[in-house]
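Enquirer: Next one to model:
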Amino acid sequence: MDSVAELGTTPLSFDQSRRRMAEASRYLAGGVSSNFRLGISPTPLVFERADGAYLIDADGNRLIDYYLGMGPMILGHTPQDVIAAVQDQLGRGILYAGQSAVETEAARLVCEIVPCAERVRFNSSGSEAVQAALRLARAATGRRTIVKFDGHYHGWFDNILWSTAPPPGANAPVAGSKGQLAEAGADVVALPWNDLAALRDRLARGGVAAVIMEAAMCNAGAIQPLPGYLEGVRAACTEAGTILIFDEVITGFRVGPGGAQERFGVTPDLATFAKAIANGFPVAAVAGRAELMELCTQGVVHGGTYNGGSVGMAACVATLSRLRQPGAFTGMEARGTRLMDGIREAFARAGVPAVVTGFPTIFHVAIGLEAPARNWSDLLRMDRARYVRFTTALLERGVRALERGAWFMSTEHDDAVVDRTLEAVNGAVRVI
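Expert: Residues are numbered from 1 along each chain as shown. This is a model prediction of the structure:
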């Protein structure tokens with residue numbers, strides 16, 4: 001087995017992060033404020049600052065970052081236009097408990113960019129936006145049942161955290177957390193994704209208020225819909241009088257200005273957004289058909305102290321203004337494609353079975369697969385332990401990639417960054 005030393009480099013040390021995590025655990029449960037930051041190999045990292053495509057941790061390591069805040073930092077960590085817009089707004093006030101011109105401008109941009117968006121409401125997180133969409137769907141249809149899909153994630157609330165990572169053979173919704181109320185899943189149906197017949201069969205039995213899905217399954221595996229699948233889902237929902245919701249918290253403003261719905265040419269009734277919408281500021285949105293969204297003025301309660309806060313709205317306007325410019329995605333997609341191809345070639349040269357799939361701006365690496373996955377059941381065949389060894393070896397070489405397999409690109413990942421990344425990838429592949 002290869003080692004970092006044998007490759008002519010010195011493995012990075014993360015001792016300061018370990019020490020600071022131990023200290024933080026005296027005050028924060030587990031030393032973190034999100035469970036998705038726990039259990040990272042070789043240790044959860046503590047950071048001092050960020051710059052462009054890089055993070056600088058407590059040990060002084062300068063790491064090429066493909067976490068990108070779990071997806072939001074599409075313009076990199078220090079975009080000057082976003083920072084300037086936020087600084088200007090801070091001088092005008094932080095939170096009004098009222099409306100602002102910058103909120104209206106952000107809403108206008110969303111409605112102009114996103115195909116389904118005739119009206120929009122802002123939130124602080126994707127989980128909240130999903131709750132608003134589900135409430136609107138139930139109010140519009142008078143029905144209770146929500147259909148979701150195995151492996152798709154729509155937030156951590158009790159009523160939707162079901163079958164995000166179900167075991168093989170599960171034939172009923174599987175709770176995602178201890179302490180989750182069983183009755184909260186009574187109106188949830190979990191189906192295999194990319195199986196149009198299964199969805200049509202359930203819709204034919206009636207009572208479905210909404211079908212919610214990631215239009216491309218990016219949280220778990222960057223799986224694209226099979227040809228005709230989204231079109232079939234759209235037609236089936238229309239026929240059944242069921243609201244179709246696309247969860248574009250990851251894909252929105254990342255796989256293209258108008259998200260997955262624009263890229264695939266299929267328009268949902270409602271869609272949820274977060275992450276890349278404001279490049280790291282806590283902004284989310286639910287958007288959709290006017291008659292559905294206007295239910296918020298007709299008895300459907302949607303609230304939040306921080307919704308539409310002017311600072312976040314300033315970041316949103318600056319981010320979307322940049323992303324809608326002609327050619328905004330061209331360089332990012334070219335470099336993302338080169339990185340995907342280079343990773344694929346590195347595994348092939350080493351004789352390690354692996355599949356690299358997805359979009360140039362958000363893709364997924366699955367060790368152990370011989371062919372692209374079509375759904376969650378296919379992803380269960382991944383060698384997750386081996387992939388964690390791979391990301392640990394990458395980190396020792398100065399590249400930080402998510403242990404679940406996702407890689408996020410930003411405008412700041414230039415050719416030199418990609419070159420350095422591929423050098424680290426080749427070394428890490430030899431280690432495993």
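Enquirer: Mind pulling up the pLDDT for I277?
Expert: We have a pLDDT of 98 for I277.
Enquirer: For it, which residues are in contact?
Expert: P72, V110, G252, F253, V283, A284, A285, C316, T319, L320 (Cβ atoms under 8 Å, 6 or more residues apart in numbering). To be clear about C-beta, it is placed using only N, CA and C from the backbone, and glycine gets the same treatment.
Enquirer: Surely the second one is in contact with T319?
Expert: No. With contacts defined as Cβ atoms under 8 Å, V110 does not count as touching T319, sitting 11.1 Å away.
Enquirer: who's more crowded, these two?
Expert: T319 (27 against 23; other Cβ atoms under 10 Å).
Enquirer: which stretch of helix or strand covers that one?
Expert: helix 310-323 (DSSP states H and E).
Enquirer: Quick check: mean pLDDT of that helix?
Expert: The model assigns helix 310-323 a mean pLDDT of 98.
Enquirer: elements contacting that helix?
Expert: helix 80-90, helix 101-113 (3 or more Cβ pairs under 8 Å, 6 or more residues apart in numbering; DSSP states H and E).
Enquirer: Helix 80-90 and that helix, what's the angle between them?
Expert: Counting by axes from the mean of the first three to the mean of the last three Cα atoms, to 10 degrees, helix 310-323 points 150 degrees away from the direction of helix 80-90.
Enquirer: hmm, who's touching helix 310-323?
Expert: Contacts of helix 310-323 (Cβ under 8 Å, 6+ apart): 74-75, 79, 81-82, 84-86, 88-90, 92-96, 100, 102-103, 105-106, 109-110, 113, 122, 124, 253, 257, 276-283, 306, 328-329.
Enquirer: and I245, how many residues sit next to it?
Expert: 30.
Enquirer: any idea of the mean pLDDT in stretch 327-347?
Expert: 98.
Enquirer: same question, stretch 248-263
Expert: Stretch 248-263 comes out at a mean pLDDT of 97.
Enquirer: Please compute how far that stretch lies from its chain's middle.
Expert: Relative to its chain's centre, stretch 248-263 lies at 11 Å (Cα atoms, centre = their mean, to the nearest Å).
Enquirer: Quick one: end-to-end length of it, please.
Expert: Length of stretch 248-263, first residue to last, Cα to Cα, to the nearest Å: 12 Å.
Enquirer: can I assume M21 sits in a strand?
Expert: No. Counting by DSSP: H, G, I helix; E, B strand; the rest coil, M21 is not found in a strand; it is helix.
Enquirer: Can you say which of the contacts of helix 310-323 are buried?
Expert: Buried members of those, counted by 16 or more other Cβ atoms under 10 Å: 74-75, 79, 82, 85-86, 89, 100, 102-103, 105-106, 109-110, 113, 122, 124, 253, 257, 276-283, 328-329.
Enquirer: rewinding a little: among the contacts of I277, which two are most distant?
Expert: Farthest apart among the contacts of I277 by Cβ to Cβ are P72 and V110. That separation is 15.8 Å.
Enquirer: Can you check the pLDDT for the closest residue to T78 other than its chain neighbours?
Expert: In this structure, T78 finds its nearest non-sequential neighbour in D51, 5.4 Å apart by Cβ to Cβ, 6 or more residues apart in numbering. D51 is assigned 98 on the pLDDT scale.
Enquirer: before we move on, what about the one 5 residues further on?
Expert: Taken from the predicted model, the pLDDT recorded for I56 is 98.
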